[in-house]
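Trainee: Please work out how this folds:
(one chain, ligands or ions: 1)
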Amino acid sequence: MLLPIPEVLTSEQVSEARQILDAAEWVDGRVTAGHQSAQTKDNMQLPENHPAARQLGETILTALGQNPLFVSAALPARVFPPLFNRYQGGQSFGTHVDNAIRQVPATGHRIRTDLSATLFFSRPDEYEGGELIVEDTYGLHHVKLPAGHMILYPSTSLHHVTPVTRGSRLSSFFWIQSMVRDDGQRTLLFDLDTARRQLFAREGKSAELDLVSKSFANLMRMWVED
Ligand code: NI
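Mentor: Below you'll find the model as predicted:
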């Protein structure tokens, strides 16, 4: 499932973040790349332990915890502390798949990357290129979202970022270990959860709503892992 999550951050939060990011010192993005993806990765990053990254990361994680669409779609078990990158002057990231496992800095905890997320800080009219392209069996999906919006996509996919030929593209990127590892099962649960919310909003409680809710809850019991 490829899902845009609108307005994760408010415009005030975005402009505050932009001031902090503009003032920070950036390093070569290859620091967090695996051996193979380092050959195709060309961007700048904030160091993982940079105070700005930690502060903005907290803001993002708090916002996501209160975002019903994110929680329902991702069924998050663990979220990697958000990282930040910048593309400009023709920089790009060639086709790659994200590493399956990530060590959380400082704690040494491992997370399995089920979902990848990109949260945009630049407005689409501020830069040329810089599209995130996600490949799946339905073809190529081009993603370029308004500032403060986020795309959620399966980490199992091949993806790349096209060269930024004008302006600068700032974003945050991170991974989620879901309580439900399989994308197909997670999508089915998301559809059922969406259906029961909409049914309840339209008609209130009913025998049909009870059956959909029961199916949702029992599929969760079947598929959720620690
Ligand atoms: Ni990637």
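Trainee: how about residue 217, secondary structure?
Mentor: With DSSP: H, G, I helix; E, B strand; the rest coil as the basis, residue 217 sits in helix.
Trainee: Can you name the element that comes right after the helix or strand bottoming out on mean pLDDT in the chain?
Mentor: In the chain, no helix or strand scores lower on mean pLDDT, DSSP states H and E than helix 35-38, which sits at a mean of 72. Per DSSP states H and E, helix 35-38 leads on to strand 41-42 as the next helix or strand towards the C-terminus.
Trainee: Check what contacts that following strand and list those residues.
Mentor: Contact partners of strand 41-42, identified using Cβ atoms under 8 Å, 6 or more residues apart in numbering, comprise 29, 30, 33, 91, 92, 93, 94, 96. In short, each C-beta sits where N, CA and C put it, glycine included.
Trainee: can you map out the helices along this structure?
Mentor: Chain-ordered helices for the chain, with DSSP state H as the definition, fall at 11-23, 35-38, 51-65, 68-74, 183-203, 207-223.
Trainee: which stretch in these has the least confidence?
Mentor: Set side by side, the helices of the chain differ in mean pLDDT, and helix 35-38 is lowest with a mean of 72.
Trainee: State the pLDDT value of residue 106.
Mentor: Here the pLDDT value assigned to residue 106 is 80.
Trainee: And this structure, what are its domain boundaries?
Mentor: The chain breaks down into these structural domains: 3-178, 183-223 (assignment by automatic domain parsing).
Trainee: from the ones you listed, which stretch is densest packed?
Mentor: Sort the domains of the chain by mean neighbour count, taking mean count of other Cβ atoms under 10 Å, and domain 3-178 sits at the top with a mean of 17.
Trainee: Among the contacts of strand 41-42, pick out the one closest to residue 104, please.
Mentor: residue 33 (17.1 Å; Cβ to Cβ).
Trainee: Just read off the phi/psi values of the closest one.
Mentor: phi -90, psi 150 (degrees, to the nearest 10).
Trainee: Look up how far residue 21 lies from it.
Mentor: Distance of residue 33 to residue 21, computed by Cβ to Cβ, to the nearest Å: 20 Å.
Trainee: Tell me the bridge partners for residue 120.
Mentor: Counting by DSSP bridges, residue 120 forms beta bridges with residue 171.
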